[in-house]
Structure formats: C-alpha cells, structure tokens
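Engineer: Dropping the sequence and predicted coords here.
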Amino acid sequence: LKNEKDDPMSLVFYSSPMSTAEATEAVLVQLKVPFERVEMNIQKGDTRTPEFLKLNPNGCVPTIVHDGVVLWESAAIAIYLGEVFGVSAGLYPEPGPQRAEALKWLVWTNATLAEAAGRLSQALPPNSPGGVEIGASDWKSQIENRTALAEEAKVDLNQRLKILNEALQDKEYLLGKYSIVDAHMHAFVGWIAGMGMSLKPYPKVHEWLEKCASR
Ligand SMILES: N[C@@H](CCC(=O)N[C@@H](CS)C(=O)NCC(=O)O)C(=O)O
C-alpha cells in the first residue's frame, strides 16, 4: 500500500478498471491533477486486505489519499477535488447557486441514478454485460426473481434518464458550461448504457454522453 509518506503532496488513487473508480479518474484527468495509481485487482481480493480495509472499511475503489485526507465514496471525492482543484481551474463553481446545482447533480448521480443501476447490475443474468456472477444452482432458483428485479430497475432507470434528458434540454452541460459534474456523471451513464439500457429515447443524454466521452 502506498501512502502520502512517500511524497506528502502526491495524490494516491486506488482504482480498478471497469469500476466506479472510472468516475474519479475522469475527474482527475479533467482537472489535470497528477496522481499515483495503485491498481487494485478486485477479483484477487486486493480490496479486502487488512491494510486496505484500514483505509476504506468498505473495501471499495475509488479511494484517494491526498494531503492527509483519506477519502472514499466517489461523489465525496468529486466534491473534494472540485473544491481543492476545480474552482481555480474553472471546472467547479464557487459557493453559491451554481455550487448548489453541482452538489445536487453529484449526489443525484450516486444516490438516485446509480442506486437503480446497481439494482439492474445485481439482477442481470451473470453472463450479460454488467451482470454479477453467481453459482449455477443459485441462478436457477433466482431466475424469476431476477427478471422481476431487472424490470423494476429498468423502469426506475428510464424515469431517471428522462429527468436527465429534460435537464439537458436547454443546455449543453449540466451546469451550462462543462464541469467535473459532467465528468463524474458520464462514467455512470456510460455504465448504464453498457448494461443494455437504450439511450435512444433520450437524445440529449446521448449527445451529452458522446461529448463528455470525447474529452
Ligand atoms: N458508492 C461507492 C461504490 C464503490 C464500489 O462499489 N466499488 C466497487 C467497484 S464498482 C468495489 O470496489 N468493490 C470491491 C469489493 O467489493 O471488494 C462509490 O461511489 O464510490
């Protein structure tokens, strides 16, 4: 495990590909904050070692260590990085009405949008993109339950994507101009699309996602 003792000013980023850490990575890259990556192999149990659990008792990426601060939860990390690096970079608003908008969308991403996405991921067939692997016998007993849960999650995701589409109706980015709120949220919307949710009914979301991804 790395920590700031190696270099007190460095930012250490515990990450893993195809995980929530992608949202944090997008924010760090947009802010051009140098970081030292510690690649965690979730399948091999890197997030469950006693050393790592001391940093993040949830055993999850993303986790960052910066300037004496150990931080987990991707929305909290985005808010922190926004405050520390984003305001001066013009990528996160000063305190005030725009800051309130930023907080609203960052928290909504994790608490509302990702909440339904997490349920869909849990309910998808183990071999489908985004599906969670379970034992074959469990699978047989759970198939009907999973189908119902997936349908419910899709209804909720559609309702939430509609909210996002409407929010983007009259603006290019969530706060008007591009910010790390877009960087953070786009990783989640990309994950949702990757699980097979069509963005066709949400043209503004589709357009926005392409623009964010090209950055
Ligand atoms: N709510 C957390 C979710 C973090 C999370 O679920 N991370 C997963 C990968 S997507 C993880 O690290 N899992 C490792 C494990 O369960 O051991 C956030 O937004 O940061």
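Structural biologist: Okay, I see it. Numbering: from 1, shown residues only.
Engineer: Pull the distance from the helix or strand harbouring residue 51 to the chain's centre.
Structural biologist: In this structure, residue 51 sits in helix 50-55 according to DSSP states H and E. Relative to its chain's centre, helix 50-55 lies at 22 Å (CA atoms, centre = their mean, to the nearest Å).
Engineer: continuing past it, what's the next helix or strand?
Structural biologist: Per DSSP H and E, the first helix or strand lying C-terminal to helix 50-55 is strand 63-66.
Engineer: Okay, buried residues for the next helix or strand after that next one please.
Structural biologist: Per DSSP H and E, the first helix or strand lying C-terminal to strand 63-66 is strand 69-72. Across strand 69-72, burial judged by 16 or more other CB atoms under 10 Å covers 71, 72. The C-beta positions use only the backbone N, C-alpha and C, and glycine is treated the same way.
Engineer: so what secondary structure elements neighbour strand 69-72?
Structural biologist: The contact analysis (3 or more CB pairs under 8 Å, 6 or more residues apart in numbering; DSSP states H and E) places strand 69-72 against strand 63-66, helix 74-81.
Engineer: avg pLDDT for the shortest one?
Structural biologist: Right, the one you point to is strand 63-66. Summarised as a single mean, pLDDT over strand 63-66 is 98.
Engineer: and it with the ligand, contact?
Structural biologist: No. Applying CB under 6 Å from any ligand atom, one finds strand 63-66 out of contact with the ligand, separated by at least 8.2 Å.
Engineer: Mind giving me the packing neighbours of that strand?
Structural biologist: strand 11-15, helix 50-55, strand 69-72.
Engineer: Make CSV out of those and add mean pLDDT and distance to the ligand.
Structural biologist: Below are those laid out as CSV (pLDDT from 0 to 100; distance: least, CB to the nearest ligand atom, whole Å):
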stretch, mean pLDDT, distance to the ligand
strand 11-15, 98, 9
helix 50-55, 98, 9
strand 69-72, 97, 6
